[in-house]
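**Student:** Output the structure for:
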Amino acid sequence: MPRRKSRHSVEVRLPAAQTADFMKDLRTWVKEVSTQPGFANGYLAEEIFSKYLDPKLVPKSVRGDAAIQKWLTAESRNANTSRRLFTRITADGEGFGWVTVDRLINEIRRFIARILGPLDYPACLMHGTLTNGASTTVRRSPSAAVDKLTGRIVVSESAIKHWLAFASGSRLSKLDIAIDDSSTLFTVPKKSDIDRVACKEPSGNMLLQRSVGEVIRRRLRRYGIDLSDQTRNQTLARKALEDGLATIDLSSASDLISRGVVELLLPFDWWSLLDDLRVKFTRLKGKTHELEMFSSMGNGFTFELESLIFFAITKVVMKLSGCQGTVSVYGDDIICPSTIVPRLDRVLSWFGFVLNRKKTHYRGPFRESCGKHYHRGFDVTPFYVREAVRTLPQLINTLNHLLEWDGRGWGFFTTKEAYQLWDKWIRVVPKRIWGGIDPQDPTALVTGHAPRMRIVPITKPVECDEGARLLTWLLRSEHGERDDVLSIDPQQEVGYRLLPVVSRGELTSWSPGIAWR
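**Tutor:** A predicted model of the protein is given here:
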């Protein structure tokens, strides 16, 4: 007898013909949207497929080569920037007209030193955690965080003394040490025509880098910069026109943090530590490349370091310009008074950075920051379709985003065309998964019904070797005084199932078809 399916099982993959039909319907709808009046319509039509990855249009190898060429161009710019900064030569030999170079640099140095404060060593090394991302010796996987500390630790020569200081008093000190002074360059999908470059770092360096990054993050929080929360930038972008603020984005920001910038602007003790923990070489197509950038995407403190530098530069330009106002930074997303943008642009350029002209807005009615987009203060944030919709979770996610975009601020579909597309394709989704509460949640389809069931991944524990199983206590000291930095339970996704929604009376505020039924 054939095996009966559980009532909690669900077929996840859509038939190929269904995928093709949905994508055709979606593109037809987008074409119709592009002809409708209103900024949001044209903006969505321009953006929705801008990150779509289709190997038939642009092969992966072409996207990867384009990313590497862009990265090498950034490296060339970094080399020029470092040489110029070390010799302190500006275009006019004096300064910027409104301030001398020496005063600008001294003010930025003082401000960064004030934020960072004294270097508390080795305590600054004790805050690191590992993730399931790849390292030079471990592939990205559900057990990667465990595997990185199994058997031996890989660390660069300049970071060995810091690893020993970190591991002292814990069982980590018993691990064998392997020296690797190079990261491994690779590319990851970004947009339809170009990938993004990142580097896999030695696992020991990554743990130490993440620890110091956490310390910088905590110091920035004292100055109102919370790198765990994007909502401040998003709120400021919405109010930007009213408050006279600009939203600034930089091109290849982390790749353009040159060695010269960090050495020039950071206190010596902090620079010395970061320089020891960074990896100074990377492997690129079988060759070893000496890095002109200070830290790559993949380094554990890059995000915090770039946030610190951009915050300090912006605040000092404001101060020296006699300007009052709000400054907020999240990585290379900068918000500041619009009046200082021309001066800030020139200063950032002098330090080797490049404004992303398409995403920098200080004139006109449009602003964007941290994934939120506003036109005259109204939310026009688009949604993105990054690949063909081949699975039920992808279909639910896309239909929910369609509802959220078209019904934003209303709670229901405001255009008949969007409703008709949604109404046609919700019939592919089993009714048991209808009744989602939040359009941002891809586990259930928002239909206006009471919650029923949701689709969730089925996971199972990852098999680890004997050494890995010891990691539940490996990072604790002999006396149990140190917390375990490994706070994950390695799991592998093996399928999907339906689970009842445990409802406490929650009901969605969305009524998708109320205007069209």
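
**Student:** contacts and neighbour counts: CA atoms only from here.
**Tutor:** OK.

**Student:** Flag the shaky bits of this protein, pLDDT-wise.
**Tutor:** 1-11, 88-94, 128-151, 171, 461-493, 503-505 (pLDDT under 70).

**Student:** quick one, domains of it?
**Tutor:** Using automatic domain parsing, the domains assigned to the chain come out as 16-54+387-500, 60-379.

**Student:** Which helix runs longest in the protein?
**Tutor:** Criterion DSSP state H: the longest helix present in the chain is helix 60-87.

**Student:** buried set for it?
**Tutor:** Neighbour counts over helix 60-87 (16 or more other CA atoms under 10 Å) mark 60, 63-64, 66-68, 70-71, 74-75, 77-79, 81-82, 84-85 as buried.

**Student:** One more: stretch 22-33?
**Tutor:** By neighbour count with 16+ other CA under 10 Å, stretch 22-33 contains the buried residues 22-23, 26, 29-30, 33.

**Student:** what's the answer for stretch 374-393, then?
**Tutor:** Applying 16+ other CA under 10 Å to stretch 374-393 flags 374-375, 377, 379-383, 385-386, 389-393 as buried.

**Student:** how many neighbours does the closest residue in space to Leu53 that isn't next to it in sequence have?
**Tutor:** Excluding its sequence neighbours, the residue lying closest to Leu53 (CA to CA, 6 or more residues apart in numbering) is Ser192, at 4.9 Å. Residues lying near Ser192 (other CA atoms under 10 Å) number 20.

**Student:** these two touch, right, Ser192 and Tyr52?
**Tutor:** Yes. The pair Ser192 and Tyr52 qualifies as a contact (CA atoms under 8 Å) at a distance of 5.1 Å.

**Student:** Gly224 - that's part of a helix, no?
**Tutor:** No. Secondary structure of Gly224 (DSSP: H, G, I helix; E, B strand; the rest coil): coil, not part of a helix.

**Student:** For the residue lying closest to it once chain neighbours are set aside, grab phi and psi.
**Tutor:** Nearest non-adjacent residue to Gly224, counting by CA to CA, 6+ apart: Ser328, 7.9 Å away. Here is the backbone geometry of Ser328 (degrees, to the nearest 10): phi -140, psi 140.

**Student:** What's the local residue count around Ser328?
**Tutor:** Ser328 - counted by other CA under 10 Å - has 22 other residues nearby.

**Student:** I figured it hits Thr314, correct?
**Tutor:** No. The criterion here is CA under 8 Å, and Ser328 misses it with Thr314 at 9.2 Å.

**Student:** so what sits against both of those two?
**Tutor:** Cys336 (CA atoms under 8 Å, 6 or more residues apart in numbering).

**Student:** ok so, going back, for the residue nearest to Leu53, which three-state class applies?
**Tutor:** Here Ser192 is recorded as coil under three-state DSSP.

**Student:** Could I get the full set of helices for the stretch 251-400 of the chain?
**Tutor:** 259-265, 268-277, 302-320, 341-350, 392-406 (DSSP state H, counting those that start in this stretch).

**Student:** Now the helix or strand following the longest helix of the chain: buried residues?
**Tutor:** Using DSSP states H and E, the next helix or strand after helix 60-87 towards the C-terminus is helix 101-116. Residues 101, 104, 107-109, 111-113, 115-116 are the ones in helix 101-116 that count as buried (16+ other CA under 10 Å).

**Student:** okay, the residues you listed in TSV with distance to Ala165 next?
**Tutor:** Output for the buried residues of helix 101-116, formatted as TSV (distance: CA to CA, whole Å):
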residue	distance to Ala165
Val101	39
Leu104	36
Glu107	33
Ile108	31
Arg109	28
Phe111	29
Ile112	26
Ala113	24
Ile115	25
Leu116	21
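
**Student:** Now distance to Ile334 too, for the helices of the stretch 251-400 of the chain, in TSV please.
**Tutor:** Output for the helices of the stretch 251-400 of the chain, formatted as TSV (distance: least, CA to CA, whole Å):
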stretch	distance to Ile334
helix 259-265	18
helix 268-277	23
helix 302-320	8
helix 341-350	10
helix 392-406	26
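
**Student:** and of those, who's closest to Gly204?
**Tutor:** helix 268-277 (9.2 Å; CA to CA).

**Student:** what comes up buried for that closest one?
**Tutor:** So helix 268-277, judged by 16+ other CA under 10 Å, has buried residues 270-271, 273-277.

**Student:** Can you tell me what sits against it?
**Tutor:** The contact list for helix 268-277, computed with CA under 8 Å, 6+ apart, reads 119, 156, 158-159, 205, 208-209, 262-263, 294.

**Student:** Tell me which of the buried residues of stretch 374-393 fall in strands.
**Tutor:** Applying DSSP state E to those, the entries found in strands are 374-375, 379.

**Student:** Pull stretch 421-439 out as PDB, backbone CA atoms only.
**Tutor:** Below are the C-alpha coordinates for stretch 421-439, written out as PDB (Å, rounded to 0.1, in the frame of the first residue of the first chain):
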ATOM      1  CA  LEU A 421      -2.500  38.800  -9.200                       C
ATOM      2  CA  TRP A 422      -2.600  37.900  -5.500                       C
ATOM      3  CA  ASP A 423      -6.100  36.400  -5.700                       C
ATOM      4  CA  LYS A 424      -5.100  34.100  -8.600                       C
ATOM      5  CA  TRP A 425      -2.000  32.700  -6.900                       C
ATOM      6  CA  ILE A 426      -3.100  32.300  -3.300                       C
ATOM      7  CA  ARG A 427      -5.100  29.300  -4.600                       C
ATOM      8  CA  VAL A 428      -1.800  27.500  -5.100                       C
ATOM      9  CA  VAL A 429      -1.100  27.900  -1.300                       C
ATOM     10  CA  PRO A 430      -2.800  25.200   0.800                       C
ATOM     11  CA  LYS A 431      -5.600  26.900   2.800                       C
ATOM     12  CA  ARG A 432      -4.200  25.400   6.000                       C
ATOM     13  CA  ILE A 433      -1.400  28.000   5.700                       C
ATOM     14  CA  TRP A 434      -3.800  30.900   5.200                       C
ATOM     15  CA  GLY A 435      -4.200  33.300   8.100                       C
ATOM     16  CA  GLY A 436      -0.700  34.800   8.400                       C
ATOM     17  CA  ILE A 437      -0.500  37.800  10.800                       C
ATOM     18  CA  ASP A 438       2.500  39.700   9.400                       C
ATOM     19  CA  PRO A 439       3.400  40.300   5.700                       C
END
